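# I'll drop the sequence and a predicted model, then ask my questions.
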Amino acid sequence: MDAATFRWVLVIIAVLVALAIYLFGQQQSRLRKRNAIETFTREEVDSAFVEDEQLRFELNNLNQILQDNEAEENLDEIQINPAMEAQKTPFALPDPEIFVPASLANKDEAQLISYHLRHGDFRLITGEEASAAVEHVGLELNNDALLEYREEGELAFQVASLSPPGDFSALERLEFTTLGLNCFIDLDVCDNPRLAFEAMLKKIDELVRMLNVKVYKPSQELLTISDVTSVRDQLS
């Protein structure tokens, strides 16, 4: 082989080596790029998976909190609002105290027939309303400032006020008000209890119609027909 040929062989070999190195470099570059893309994609996927898991955990945790709160609210509702207290509110005022004069409070219950006429919501009766009702049924003011009704000249029953001082001395004043009327028969001074009781029932019926009130026993329970029948039987 002469020198010229040898030189061409070396040139060709050098070119082939350079080409091989170039192609190898390109291949390695492509591999690195592909690996980088795949790695990035996996990291994204892994990251998204982690975020999903975290989100799922947070949602589950939030859902549990909401369920717990709902259970607590239901429990509170049951405790705070039982059936017997459903009609009351935390801001409801207590019922006003019914005033009973000492002369009646100290009286033997067996010797006293007493009924209270008042509004169910304890709304006050004005002086104008009371005066009109008193005049209509024929009640008169006695020396003790109580109202009384006489049947055939005999004392049948008396009426006290359910508000202090328990009498009607201020009935004619504009500012007079009362929780209601306490109609009672003192059996110790009543000559004809049966006649007096029937007269009181009749006048109570008229007062109820005029004042739009209800009739209660001293225990503050509503008066019933059976209660009236029982008293009639006792007076027979």
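Great, that's in hand.
# Stretch 19-37: how far from the chain's middle?
79 Å (CA atoms, centre = their mean, to the nearest Å).
# which parts of that stretch are buried?
Buried residues in stretch 19-37, counted by 16 or more other CB atoms under 10 Å: none are found. Any C-beta I mention is one placed from the backbone N, CA and C, and that applies to glycine too.
# With only the CA atoms kept, save that stretch in CSV.
Extracted in CSV, the C-alpha atoms of stretch 19-37 (Å, rounded to 0.1, in the frame of the first residue of the first chain):
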residue,chain,number,x,y,z
LEU,A,19,-19.6,9.6,12.8
ALA,A,20,-19.9,6.8,15.3
ILE,A,21,-19.1,9.1,18.1
TYR,A,22,-21.7,11.6,16.9
LEU,A,23,-24.4,9.0,16.4
PHE,A,24,-23.6,7.5,19.8
GLY,A,25,-23.8,10.9,21.4
GLN,A,26,-27.2,11.5,19.7
GLN,A,27,-28.5,8.2,20.9
GLN,A,28,-27.4,8.9,24.4
SER,A,29,-29.0,12.3,24.3
ARG,A,30,-32.3,10.8,23.1
LEU,A,31,-32.1,8.2,25.8
ARG,A,32,-31.5,10.8,28.5
LYS,A,33,-34.3,13.0,27.2
ARG,A,34,-36.7,10.0,27.1
ASN,A,35,-35.7,9.0,30.6
ALA,A,36,-36.1,12.6,31.8
ILE,A,37,-39.6,12.8,30.2
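# tell me the pLDDT at the closest residue to Thr177 other than its chain neighbours?
Once flanking residues are discounted, Thr177 sits nearest to Leu124: 4.3 Å by CB to CB, 6 or more residues apart in numbering. Note for Leu124: predicted pLDDT of 95.
# Burial check on Leu124, number of neighbours?
17 (other CB atoms under 10 Å).
# That one: what's it in contact with?
By CB atoms under 8 Å, 6 or more residues apart in numbering, the contact set of Leu124 is Ser163, Thr177, Thr178, Leu179.
# Show me what the third one is bridged to.
According to DSSP bridges, Ile125 are recorded as the beta-bridge partners of Thr178.
# Do I have it right that it meets Pro164?
No. At 9.6 Å, Thr178 does not count as touching Pro164 under the criterion of CB atoms under 8 Å.
# Those two: which is more packed in?
Taking other CB under 10 Å, Thr178 and Pro164 do not tie; Thr178 has more neighbours (24 against 11).
# quick one: pLDDT of the more buried one?
At Thr178, the predicted lDDT confidence score is 96.
# Could you report the distance from it to Cys190?
Per CB to CB, to the nearest Å, Thr178 is found 24 Å from Cys190.
# can you pull out the strands in this structure?
Remark: strands assigned in the chain by DSSP state E are 112-118, 125-126, 140-141, 147-151, 154-161, 177-178, 180-186, 214-216.
# Include distance to Leu195 when you put those strands into JSON lines, please.
As requested, those are arranged in JSON lines below (distance: least, CB to CB, whole Å):
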{"stretch": "strand 112-118", "distance to Leu195": "13"}
{"stretch": "strand 125-126", "distance to Leu195": "28"}
{"stretch": "strand 140-141", "distance to Leu195": "18"}
{"stretch": "strand 147-151", "distance to Leu195": "6"}
{"stretch": "strand 154-161", "distance to Leu195": "7"}
{"stretch": "strand 177-178", "distance to Leu195": "28"}
{"stretch": "strand 180-186", "distance to Leu195": "10"}
{"stretch": "strand 214-216", "distance to Leu195": "20"}
